[in-house]
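Asker: Here is the input, now give the coordinates:
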Amino acid sequence: MVAQKEVDALGDPSPAPEGKLVAHSPGHDGTWHWYEDHARGTGELARRFAEPWGGGELAYRLGRDHDTGKGACAWQEGLIEEAATGRKTQRPPHNDAGAFLFARAAEPVPALLPCAGVIQGHHTGLSAWPEVRLRLKALMADSSEVDEAIHRVAAVMPEILDGSCPAAPDWLDPGDKIAVEMLVRMTFSAVVDADRLDTAAHFRSGTHIRPHVGMSELWERYESRRQEALAERQSSKGASWLDKLRENVYQEALEAAVGKPGVYRLHLPTGAGKTFTGGGFALRHASLHGLRRVIVAVPFVSITEQNAAEYRRLLDPEQGPPTVLEHHSAVNVEAPQQRTLQSAGTSKNVRPGQTPGRPNRWAKLATENWDAPFIVTTTVRLIETIFGNTPWATRRLHRLANSVIVLDEVQALPDRLLTPILSGLRELVDHYGVTLVLSSATQPELAALNPWRSGLLQRDVVSDPAPLFEQLRRVRYEWRTGPDVTLASIATEAAEHDQALVVVNGTKDASQVHRKWLSTNRGKDPGALHLSTRMTGGHRRETIQATKQRLEEGLDTLLVSTSLIEAGVNLDFPRGYRARSTPESEQQAAGRVNREGKRLAEDSVMTIFDPRDGLNPEVVYNKCAVAAAVRRFGDGLAAPDDLDALRSYYQHRYRLQAGQHSKDPSGATGEVIEALRARLHYPEVAHRMRIIDNEHSVAVVVIRQQLDEETQRVAQKAVEQLRRGLPTPVTYRTLQEHMASIPERELELAINAGHAIEVAGDLHQWVGPYHPQRGIEPPA
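Answerer: This next block holds a predicted model:
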């Protein structure tokens, strides 16, 4: 029978009368979420999200019918009992009925059949299509499991029995398996986001969809504030030759923005103003072509932090919701905690009322969905968005349609995933209205790879970058090798200079160099600084700012950093050291030396050193890249900023990578993953597309004791809100500056030692030792 009981929601009894179906328990105003309201509301919102690529009718149908299984008596009665008692009940799955309805309607158009997986996985994630197809085949043979739910929903929503097949986008080629694969992903994203937003609106008062902000307005604001900032800088410091060069580059980019949507290359040397130029191009292009948002994706968290701050300064309004959203958090609040806690004292790490292994009930409603006009995120988050299969990761994918995506430091894309990445990006450009900007000082030869070899025009934002590289050559490279070269010897040599930067390949190496400095008299000076992802975002930002201020004031300054400093961090050292890596990384590190061109290049030395006790670059970087680099760059060979050598290096690197195909089960550049995409094997694709360097890192929240009491209070409140309350996207954004990263294997040890406490999903709070300069120390 349909609900007849009364429940006490927020202290106000609210009956569920005969003849009504419910979708969710009473919300913020004490009333039930009626089934037909949720179904139609989700459908209409999904239609709105999918209309830009011609998938509105398809998304509406899937959104409208996604919860059809909730019509079953057992499901309805379970929810009512749960609302009345507050105790979790066992309710039957509700994803089969709607999937069955859609599959039955889509039989005349086989290419659309896989979209039934959107309903099948709207809570658990996209499953492999062969598995969904088997389940649907069984239901087609015997529908008794879903008949009751369908019949009861049809009593309040008779339109679900229409049976007509929704229209596919007119560009869809039924024989193109990759196009079908991406259509399923995009539609899944639209439906999941619509479902979450409609549900969140029921449980919390207030709107959950941002008002639209026109790109023309943002572009005008960006340009106006940029000119004001430039005038202020020149009035205080005077106009330099570098300022004039950057302005010329910027104006050329604005002229290129008039071009048609598609793929653009922004090839500029370090220090030529790629951040502002890329942002200006993207906003003007979006304004001229009616695009909806700009997404800037960068490889390092440090760049998101600095770039987001710059873009906020130029774009955020003085009042009202912020324009710029910074999203790099790796927290998955939907995933049940699968970590096995082995210590006898594990129970002390679980707070009262918290069930280990179970995520917060409504935390998933607040996960980030990129509902902002300007996004700054990491490449990891972008790739996860395009190729993930969970609702948590994928709900923001539809926001990419009709947008400009700026892939900053594009050379950092991992070789082993290039084929599916380039294929996925091409789908977005060809069918979803995306303009893609490839930004880098070391542009890889991506046109040589299969997905982009034919039919994809690439335009240059700056027509002839070669003279710029000559004009902006600001360092002289030296090479240091041999058995006497160690981390300690380089640390000692760097300390002989008033100001010097040392960039190493791993956090343990950075810690070792910093400890060496602190063990000397030089270490008593506050100018011995350290930078790595083991520090929180706020801590890193403070360290970068302190470094910049000391350099400007001419104070003695030593900084050791991992590779996170190599892009987007505007520091200007007179002397630099870089542990041997790859030419693109070495050139990026050199971009922090004589950055403003105030010194002679001959006097600004970048030493590439090969420490015998340092982390082997092959552990961190692509082995084929390292092998190709050794033959071209070094003492007596080319410098890392030699454009001809770089072009040859990339071609050789990709040939070496292709030669690994017979030995590597993952394929040379991800061909095996691309084949899995064609078979619609979403979980395995998501697993293989994870960008992992040498070890999987996890995020932890650290509330540092050095922070003022109010900041600590706000951060701890956000932790508790996530742990047991009703978090919002603001909750996660508050915590981002308190996030640090450590290897997953270290987290296991920390939990057992009582240094980490579970918060929600796979997020933990770090309560163990935190060094005031180095953050969470790597184990000895």
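Asker: Once you drop chain neighbours, what's closest to Arg204?
Answerer: Setting aside the residues directly before and after it, Arg204 is nearest to His28 in space (Cβ to Cβ, 6 or more residues apart in numbering), at 5.6 Å. No exception for glycine: its C-beta is placed from N, CA and C like everyone else's.
Asker: which intervals of this protein have sub-threshold pLDDT?
Answerer: Counting by pLDDT under 70, the chain has low-confidence residues at 1-18, 205-212, 301-303, 328-367, 521-525, 568, 659-667, 692-696, 725-726, 729.
Asker: Next one: the most centrally placed residue in the chain from Pro93, what distance?
Answerer: Nearest to the geometric centre of the chain sits Arg381, at 1.7 Å (Cα atoms, centre = their mean). Distance of Arg381 to Pro93, given as Cβ to Cβ, to the nearest Å: 30 Å.
Asker: One more: Asp316?
Answerer: Asp316 is 43 Å from Pro93, by Cβ to Cβ.
Asker: The two - which one has more neighbours?
Answerer: Asp316 (16 against 13; other Cβ atoms under 10 Å).
Asker: got a list of what the more buried one touches?
Answerer: Pro322, Thr323, Val324 (Cβ atoms under 8 Å, 6 or more residues apart in numbering).
Asker: so what's the second one up against?
Answerer: Thr323 makes contact with Val213, Leu218, Arg312, Leu315, Asp316, Pro317, Ala372, Pro373, Phe374, according to Cβ under 8 Å, 6+ apart.
Asker: Reformat these as a markdown table; add distance to Arg724 and secondary structure.
Answerer: Shown next, in a markdown table, are those (distance: Cβ to Cβ, whole Å; DSSP: H, G, I helix; E, B strand; the rest coil):
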| residue | distance to Arg724 | secondary structure |
| --- | --- | --- |
| Val213 | 34 | coil |
| Leu218 | 38 | helix |
| Arg312 | 31 | helix |
| Leu315 | 35 | helix |
| Asp316 | 31 | coil |
| Pro317 | 33 | coil |
| Ala372 | 27 | coil |
| Pro373 | 33 | coil |
| Phe374 | 33 | strand |
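Asker: list the buried ones in the host helix or strand of Arg745?
Answerer: Element membership for Arg745 (DSSP states H and E) is helix 744-752. Buried residues in helix 744-752, counting neighbours by 16 or more other Cβ atoms under 10 Å, are found at Glu746, Leu747, Glu748, Ala750, Ile751, Asn752.
Asker: Outline the domain layout of the protein.
Answerer: Domain assignment for the chain by automatic domain parsing gives 6-203, 255-327+369-467+665-692, 473-659, 697-766.
Asker: Just give me how far the last one sits from the chain centre.
Answerer: The offset between the C-alpha centroid of domain 697-766 and the centroid of the whole chain comes to 19 Å, using Cα atoms, centre = their mean, to the nearest Å.
Asker: and if you look at the longest one?
Answerer: From the chain centre to the centre of domain 255-327+369-467+665-692 is a distance of 10 Å (Cα atoms, centre = their mean).
Asker: got a list of what Glu674 touches?
Answerer: Contacts of Glu674 (Cβ under 8 Å, 6+ apart): Ile178, Thr419, Pro420, Ser423, Gly667.
Asker: picking up where we left off before, continuing past the helix holding Arg745, what's the next helix or strand?
Answerer: strand 756-760.
Asker: other SSEs contacting that next one?
Answerer: Contacts defined by 3 or more Cβ pairs under 8 Å, 6 or more residues apart in numbering; DSSP states H and E place strand 756-760 against helix 709-724, helix 744-752, strand 763-766.
Asker: Quick one: closest of those to Val475.
Answerer: helix 744-752 (35.9 Å; Cβ to Cβ).
Asker: Which elements pack onto the closest one?
Answerer: strand 697-702, strand 756-760, strand 763-766.
Asker: Note down every partner strand of the second one and its orientation.
Answerer: Think strand 756-760. In the sheet, strand 756-760 lines up against strand 763-766 (antiparallel) (DSSP bridges).
Asker: Check what contacts the partner strand and list those residues.
Answerer: So strand 763-766 is contacted by 331-333, 698-703, 719, 722, 740, 747, 750-751, 755-759, 776 (Cβ under 8 Å, 6+ apart).
Asker: Could you pull out the helices in the stretch 301-450 of the chain for me?
Answerer: Per DSSP state H, counting those that start in this stretch, the stretch 301-450 of the chain carries helices over the ranges 301-315, 379-387, 391-394, 418-431.
Asker: now the ones you listed in CSV, with distance to Ala510?
Answerer: CSV is the format used below for the helices of the stretch 301-450 of the chain (distance: least, Cβ to Cβ, whole Å):
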stretch, distance to Ala510
helix 301-315, 13
helix 379-387, 21
helix 391-394, 30
helix 418-431, 29
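Asker: Please identify which of the ones you listed is closest to Ile119.
Answerer: helix 391-394 (12.3 Å).
Asker: How many residues are close by Glu496?
Answerer: Using other Cβ under 10 Å, Glu496 is surrounded by 9 other residues.
Asker: Let me know the secondary structure of it.
Answerer: Assigned with DSSP: H, G, I helix; E, B strand; the rest coil, Glu496 falls in the coil class.
Asker: how far away is it from Ser489?
Answerer: Applying Cβ to Cβ to Glu496 and Ser489 gives a distance of 11 Å.
Asker: same thing with Asp170?
Answerer: Taking Cβ to Cβ, one finds Asp170 at 66 Å from Ser489.
Asker: same thing with Gly271?
Answerer: 29 Å.
Asker: higher neighbour count, these two?
Answerer: Neighbour totals were compared for Gly271 and Ser489, and Gly271 leads with 22 against 17 (other Cβ under 10 Å).
Asker: Which residues belonging to stretch 425-436 are considered buried?
Answerer: Neighbour-count burial for stretch 425-436 [16+ other Cβ under 10 Å]: Leu425, Arg426, Glu427, Leu428, Val429, His431, Tyr432, Gly433, Val434, Thr435, Leu436.
Asker: one step back: which among the contacts of Thr323 end up buried?
Answerer: Buried among the contacts of Thr323 by 16+ other Cβ under 10 Å: Val213, Leu218, Arg312, Leu315, Asp316, Ala372, Pro373, Phe374.
Asker: Okay, and the beta partners of the last one?
Answerer: What it means is Phe374. Val294, Val324.
Asker: contacting residues for it?
Answerer: The neighbours of Phe374, taking Cβ under 8 Å, 6+ apart as the test, are Leu218, Arg293, Val294, Val296, Tyr311, Leu315, Thr323, Val324, Leu325.
Asker: do the third one as well
Answerer: Applying Cβ under 8 Å, 6+ apart to Arg312 gives the contacts Pro322, Thr323, Val324.
Asker: Export those residues to a markdown table and append columns for distance to Glu445.
Answerer: Shown next, in a markdown table, are these (distance: Cβ to Cβ, whole Å):
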| residue | distance to Glu445 |
| --- | --- |
| Pro322 | 38 |
| Thr323 | 35 |
| Val324 | 32 |
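Asker: nearest to Leu531, of these?
Answerer: Using Cβ to Cβ, those come closest to Leu531 at Val324, 23.3 Å.
Asker: list the contacts for the closest one?
Answerer: Ala308, Tyr311, Arg312, Leu315, Asp316, Ala372, Phe374, Ile375, Val376.
Asker: neighbours of the first one, just the number please.
Answerer: The local packing count at Ala308 equals 23, with neighbours defined by other Cβ under 10 Å.
Asker: correct me, but it touches Leu315?
Answerer: No: assessed by Cβ atoms under 8 Å, Ala308 is found out of contact with Leu315, at 10.1 Å.
Asker: which SSE is Ala138 in?
Answerer: Assigned by DSSP H and E, Ala138 falls in helix 129-141.
Asker: Which of the residues in that helix are classified as buried?
Answerer: Neighbour-count burial for helix 129-141 [16+ other Cβ under 10 Å]: Trp129, Val132, Arg133, Arg135, Leu136, Leu139.
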